[in-house]
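Asker: need coordinates for the below:
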Amino acid sequence: MRFDYQAQESPRGLADAFILGTDFIGGDSCALVLGDNVFYGRGFSGTLHDTASNVEKTGGGAIFGYFVKNPIAYGVVEFDSQGKALSIEEKPAAPKSHYAVPGLYFYDNEVVQIARDIKPSARGEIEITAVNNAYLNRGRLSVEVLGRGMAWLDTGTYDGLLEASNFIATIQKRQGMYVSCIEEIAYANRWINRDDLLRLAASYKTEYGEYLSYVAENL
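Answerer: You can find the predicted model right below:
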């Protein structure tokens, strides 16, 4: 893996990422995921693959909707009776639905120019909701609703971080399988072979190394 970083020197909003990352994005489509979001659910990898492929082929943008009890702290999607997205509002006082927009977004290359054209909001930020509405107004935004079998956890607060930690701990203890183990993912996708995995396992003198050895021997 290779990771590149670009510092945001002042809080200019999420959509500023596309301006800061212009050279990195180049002529490609791209995705934005917030670092404090956790997603967990069967088939989610396939959903991500299909969404990215659709944006790559047809252009436009793609976001998700997730039912929450109290949506006022999020961007909120309004749907018509056929499930078509009508509007997206950022932290509305009177939400038009219970469907929040998680911090995971896919866009074609036009997002760079769209972000550049957006005027900062009252709080001086280039809002990601403004980007989504720009695509929506063009009729080029798809919204996929994540079902009840999908867990979306926001770890941006102390309580949220604790809830996510407890959730992951419960899943791992119950199943005996680690969540988002990058070595296991690489092995399952055949990016590394069994010998590579065993060598990585040997570098950990911990329970984590024992788990990697288990994966290599049994999966």
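Asker: so what touches the helix ranked longest in the chain?
Answerer: When the chain is parsed with DSSP state H, its longest helix is helix 158-175. Defining contact as Cβ atoms under 8 Å, 6 or more residues apart in numbering, one finds that helix 158-175 is touched by 36, 38, 40, 151, 153-155, 178-179. Yep, even glycine has a C-beta here, placed from its N, CA and C like the rest.
Asker: which of those are buried?
Answerer: 38, 40, 151, 153-155, 178 (16 or more other Cβ atoms under 10 Å).
Asker: rewinding a little: which positions within the longest helix of the chain qualify as buried?
Answerer: In helix 158-175, counting by 16+ other Cβ under 10 Å, buried: 164, 168.
Asker: in strands, which of the buried ones among the contacts of helix 158-175 fall?
Answerer: Taking DSSP state E as the definition of strands, the buried ones among the contacts of helix 158-175 contribute 38, 40, 151, 153-154.
Asker: tell me which of the residues you listed is nearest to residue 128?
Answerer: Each of those was checked against residue 128 using Cβ to Cβ; the closest is residue 154, at 14.5 Å.
Asker: where's the closest one relative to residue 38, distance?
Answerer: Distance, residue 154 to residue 38, using Cβ to Cβ, to the nearest Å: 8 Å.
Asker: shared neighbours, those two?
Answerer: By Cβ under 8 Å, 6+ apart, no residue touches both residue 154 and residue 38.
Asker: need the max-distance pair from the contacts of helix 158-175.
Answerer: Pairwise over the contacts of helix 158-175, using Cβ to Cβ, the maximum falls at 154 and 178, 21.7 Å.
Asker: residue boundaries of the helices in the chain?
Answerer: According to DSSP H, the helices that the chain contains are 16-20, 22-25, 44-58, 111-117, 128-137, 158-175, 182-188, 194-202, 207-218.
Asker: can you check which of those gets nearest to residue 3?
Answerer: Closest to residue 3 of these, according to Cβ to Cβ: helix 22-25, at 11.0 Å.
Asker: how far away is residue 83 from residue 67?
Answerer: Plainly put, residue 83 is 13 Å away from residue 67 if you go by Cβ to Cβ.
Asker: likewise for residue 216?
Answerer: In terms of Cβ to Cβ, residue 216 sits 39 Å off from residue 67.
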